[in-house]
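K.L.:
Everything below, folded, please.
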Amino acid sequence: CYAINVVLGTPVTSDNCSVVSVSNDAPASFSIGNTTVTWTVVDGSGNTATATQVVTVEDNELPTIVAPIAINTTTNTDCTRTG
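P.N.:
Numbers count the residues shown, from 1 in each chain. Just a heads-up that it's a prediction; the model follows:
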């Protein structure tokens with residue numbers, strides 16, 4: 001079980017000069033449980049800052065089960081099952 005196409009949103013960034021890039025290390029698919037995504041922003045001078053975001057994937061779908069068909073059986077004269 002895993003989640004794909006997770007929309008992480010857009011971080012809010014700013015700088016006194018210019019923001020050159022914003023990136024993250026998010027995987028293509030997220031496993032059940034918590035995954036920490038690290039966002040990195042780089043400014044025009046090469047300075048960087050990071051922030052983290054926790055993505056939690058839960059499996060809330062119940063499993064399914066179908067029982068085998070009903071059976072009828074008989075006993076012999078000693079009252080034990082014969083088949």
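
K.L.:
and Ile69, how many residues sit next to it?
P.N.:
Around Ile69 there are 5 other residues, counting by other CB atoms under 10 Å. Glycine gets a C-beta too; all of them are placed from N, C-alpha and C.

K.L.:
ok, now Ile65?
P.N.:
Ile65 has 5 neighbours, counted by other CB under 10 Å.

K.L.:
before we move on, what about Val41?
P.N.:
19.

K.L.:
ok, now which ones touch it?
P.N.:
Listed by CB atoms under 8 Å, 6 or more residues apart in numbering, the contact set of Val41 reads 11, 13, 15, 19, 21-22, 48-50.

K.L.:
which stretches of this structure aren't confidently modelled?
P.N.:
Counting by pLDDT under 70, the chain has low-confidence residues at 77, 80-83.

K.L.:
let's see it at 80
P.N.:
Within the chain, the ranges that satisfy pLDDT under 80 run 75-83.

K.L.:
rewinding a little: where strands are concerned, which of the contacts of Val41 count?
P.N.:
Counting by DSSP state E, the contacts of Val41 place 19, 21-22, 48-50 in strands.

K.L.:
Would you mind putting those residues into JSON lines with neighbour count and distance to Asp78 alongside?
P.N.:
Formatted as JSON lines, the ones in strands among the contacts of Val41 follow (neighbours: other CB atoms under 10 Å; distance: CB to CB, whole Å):
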{"residue": "Val19", "neighbour count": "13", "distance to Asp78": "87"}
{"residue": "Ser21", "neighbour count": "10", "distance to Asp78": "83"}
{"residue": "Val22", "neighbour count": "13", "distance to Asp78": "80"}
{"residue": "Thr48", "neighbour count": "11", "distance to Asp78": "83"}
{"residue": "Ala49", "neighbour count": "13", "distance to Asp78": "83"}
{"residue": "Thr50", "neighbour count": "10", "distance to Asp78": "77"}
